[in-house]
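Engineer: Return atomic coordinates for the entry below.
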Amino acid sequence: MLKAPTPLRVGFILANNFTLTAFANFVDVLRLAGDEGDKSRQIRCSWQIMSHSEDAIRSSCGAYVRPTSGFTDPANLDYIVVVGGLLHGGPQLDSKTEEYLLTAARANSKLVGLCTGSFVLCRLGLLEGRKCCISWYHYRDFIEEFGDLVPIADRLFVVDGNRITCSGGTGVS
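Structural biologist: Take a look at the predicted model:
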């Protein structure tokens, strides 16, 4: 008898004013790929929206998403996905979330930056010496803030070791 494969385990961190399109497209692809027959079950993929607080997180369009769990031990996740959003809408993450990401990086976790999640990872020093994907729309913003890094804006995503970055929008699906 064949042993059932271990499901892919993904933890999401939504930045304040995160981009709903990037999050919704990504999680819906997981939903469709992880099920058998369109019943929205988490069979081959499981995911959770993590936060240290139970407070709902506001997206850039004003819709709110409530976390489904606290921070999970990074060793129990295959990927931690940071969904960025508005660059100039106040702090994207609080200090507890930043510390969680730094801890995950020290544990050699695979970190994904969606949309301006790449900015979040860069600000924490987690993309030093790595290639990263940036939307053409935020190319100048990136150069102004991180002049020593060279962003890639002509691709949908970039994989550099245990860091994956994606321009966002419909490019995440």
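
Engineer: Contact partners for residue 70?
Structural biologist: For residue 70, the set of contacting residues under the criterion of Cβ atoms under 8 Å, 6 or more residues apart in numbering consists of 50, 51, 52. The C-beta positions use only the backbone N, C-alpha and C, and glycine is treated the same way.

Engineer: So which of those residues is the closest to residue 17?
Structural biologist: Each of those was checked against residue 17 using Cβ to Cβ; the closest is residue 51, at 14.5 Å.

Engineer: That closest one and residue 97, how far apart?
Structural biologist: Going from residue 51 to residue 97 by Cβ to Cβ, to the nearest Å gives 7 Å.

Engineer: any chance you could map the strands in this structure?
Structural biologist: According to DSSP state E, the chain carries its strands in the segments 8-14, 45-49, 57-58, 64-65, 79-83, 111-114, 132-133, 151-152, 157-160, 163-166.

Engineer: To residue 102, which of the ones you listed lies closest?
Structural biologist: Taking Cβ to Cβ, strand 111-114 is the member of these nearest to residue 102, at 10.4 Å.

Engineer: Pass me the low-pLDDT residue ranges in the chain, would you?
Structural biologist: Of all residues in the chain, those with pLDDT under 70 make up the ranges 1-5, 170-173.

Engineer: rewinding a little: same list, the strands of the chain, but as TSV with mean neighbour count and distance to residue 31 please.
Structural biologist: Formatted as TSV, the entries for the strands of the chain read as follows, by neighbours: other Cβ atoms under 10 Å; distance: least, Cβ to Cβ, whole Å:
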stretch	mean neighbour count	distance to residue 31
strand 8-14	23	11
strand 45-49	19	8
strand 57-58	20	19
strand 64-65	15	15
strand 79-83	25	14
strand 111-114	27	16
strand 132-133	24	23
strand 151-152	20	28
strand 157-160	16	19
strand 163-166	24	18
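
Engineer: Output the ones you listed in a markdown table; the columns should cover distance to residue 126.
Structural biologist: Written out in a markdown table, the entries for the strands of the chain read as follows (distance: least, Cβ to Cβ, whole Å):
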| stretch | distance to residue 126 |
| --- | --- |
| strand 8-14 | 12 |
| strand 45-49 | 20 |
| strand 57-58 | 20 |
| strand 64-65 | 23 |
| strand 79-83 | 9 |
| strand 111-114 | 6 |
| strand 132-133 | 10 |
| strand 151-152 | 15 |
| strand 157-160 | 11 |
| strand 163-166 | 7 |
